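**Q** Here you go, sequence then predicted model.
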Amino acid sequence: MIIETHAHLDFPEYKNDLDAVMARAKESGIATIINVSSSLKGCFASVDLSRRYDSIYAALGIHPHDAKEVDNACLDKIRELVASSKKIVAIGEVGLDFYRNLSPKETQHSAFVKFLKLSKELNLPLILHCREETPESREAQDMLFKAMEENLELPFKGVMHCFSGDEKLLRRCLDSGLHISFTCNVTFKKADRLREVLKRTPIDKLLLETDSPFLAPQTERGKRNEPAYLRYLVDAIAEDNEMQKKDIEEITTQNARRLFGI
Ligand SMILES: [Zn+2]
Ligand SMILES: [Zn+2]
């Protein structure tokens, strides 16, 4: 049994065959899927999905690309959605993205701070997205951690999703209490550095995700990703770390249950 902690099944990629995608996920042993919102429209769609499928839970937030959407009216709508359902388990995905920089940095920062305050108010963990212009740059992470230090108490309750940083960032996340989530990009041929970082991640802080429809595993590269492919990630972690698949599944499932209260 596995918990898929990050998928975007409300995206148009799934509009014609979501039932089949969900059936394959179940066959693969995926017990629970957290559908992560990236826009206000996505927040409503995620809650809808959590009503349609028992195994789907929702995270509500706005991706930094759409930070300009975040105003008081938007936050009020999210508060209403949280009050309307018991299946909302996190605020996310929220954070900073200076890689594609689709919103000005200042706009991203002020939206992020609003979500930090909301997560505190609603007592929900954070699903964090943080991406740099260049792998050497630390501007986004510095700004992200500073904002969290100013607005939250340690240890932080949340997860750094789609981890793609170095050991230094790993340390920083772990020291502040965050969980670390890896995607199927661990299976990519050129991901040696990332596989090294994964080896240094304590298993009791590890979560699994696909970030579907993005980042399909090496063998399915170029295709649409889907939660069933989480299997490939479990296989890769087991092989690289000489662990039993069963143990990886059990421990990451417990981690996810603890963090998200599922
Ligand atoms: Zn993301
Ligand atoms: Zn995502």
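**A** Perfect, I can see it now. Here the structure is a predicted model, which is why all the values come from computation and not from measurement. Ligands and ions are numbered 1, 2, ... in the order given.
**Q** alpha carbons only for contacts and neighbour counts from here, please
**A** OK.
**Q** next structured bit after the longest helix along the chain?
**A** Longest helix of the chain, by residue count under DSSP state H: helix 105-122. Next in sequence after helix 105-122, counting helices and strands by DSSP states H and E, comes strand 126-131.
**Q** for that following strand, what is the average pLDDT?
**A** Averaging pLDDT along strand 126-131 gives 96.
**Q** ok, how many other residues are close to residue 188?
**A** Other residues near residue 188 come to 16 when the count uses other CA atoms under 10 Å.
**Q** Same check on residue 38?
**A** 24.
**Q** contacting residues around the longest helix of the chain?
**A** With CA atoms under 8 Å, 6 or more residues apart in numbering as the test, helix 105-122 has contacts from 61, 64-65, 67-68, 70-71, 90-91, 94-98, 125-126, 143-144, 147-148, 151-152.
**Q** Give me the distance between the nearest residue to residue 61 once chain neighbours are set aside and residue 109.
**A** Spatial nearest neighbour of residue 61, excluding adjacent residues (CA to CA, 6 or more residues apart in numbering): residue 92 at 4.3 Å. Counting by CA to CA, to the nearest Å, the gap from residue 92 to residue 109 is 15 Å.
**Q** re the thing from before, can you list the buried residues in the longest helix of the chain?
**A** 105, 107-116, 118-120 (16 or more other CA atoms under 10 Å).
**Q** Compile those into a markdown table and extend it with columns for distance to residue 76.
**A** Output for the buried residues of helix 105-122, formatted as a markdown table (distance: CA to CA, whole Å):
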| residue | distance to residue 76 |
| --- | --- |
| 105 | 23 |
| 107 | 19 |
| 108 | 19 |
| 109 | 19 |
| 110 | 16 |
| 111 | 14 |
| 112 | 15 |
| 113 | 15 |
| 114 | 12 |
| 115 | 12 |
| 116 | 15 |
| 118 | 10 |
| 119 | 13 |
| 120 | 15 |
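**Q** Make a markdown table out of these and add distance to residue 131 and pLDDT.
**A** Rendered in a markdown table, the data for the buried residues of helix 105-122 read as follows (distance: CA to CA, whole Å; pLDDT from 0 to 100):
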| residue | distance to residue 131 | pLDDT |
| --- | --- | --- |
| 105 | 12 | 95 |
| 107 | 15 | 97 |
| 108 | 12 | 97 |
| 109 | 13 | 98 |
| 110 | 17 | 98 |
| 111 | 16 | 98 |
| 112 | 14 | 98 |
| 113 | 17 | 98 |
| 114 | 19 | 98 |
| 115 | 17 | 98 |
| 116 | 18 | 98 |
| 118 | 22 | 98 |
| 119 | 21 | 98 |
| 120 | 23 | 98 |
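**Q** Would you state the helices of the stretch 151-262 of the chain in chain order?
**A** 167-175, 192-199, 230-241, 245-260 (DSSP state H, counting those that start in this stretch).
**Q** Of the ones you listed, give the one that comes closest to residue 28.
**A** helix 230-241 (7.0 Å; CA to CA).
**Q** So which elements touch that closest one?
**A** helix 192-199, helix 245-260 (3 or more CA pairs under 8 Å, 6 or more residues apart in numbering; DSSP states H and E).
**Q** which other residues reach it?
**A** So helix 230-241 is contacted by 4, 28, 183-184, 186-187, 195, 199, 208-210, 217, 243-245, 248-249 (CA under 8 Å, 6+ apart).
**Q** now do stretch 200-216
**A** 3-9, 11, 13, 162, 167, 170, 174, 178-185, 221-227, 229-230, 233, 248, 251-253, 255-256.
**Q** mind listing what's buried in it?
**A** 201, 203, 205-216.
**Q** Go ahead and list the helix or strand containing residue 148.
**A** Going by DSSP H and E, residue 148 is in helix 139-151.
**Q** now that helix and helix 167-175, what's the angle there?
**A** With axes from the mean of the first three to the mean of the last three CA atoms, to 10 degrees as the basis, helix 139-151 and helix 167-175 are set at 20 degrees to each other.
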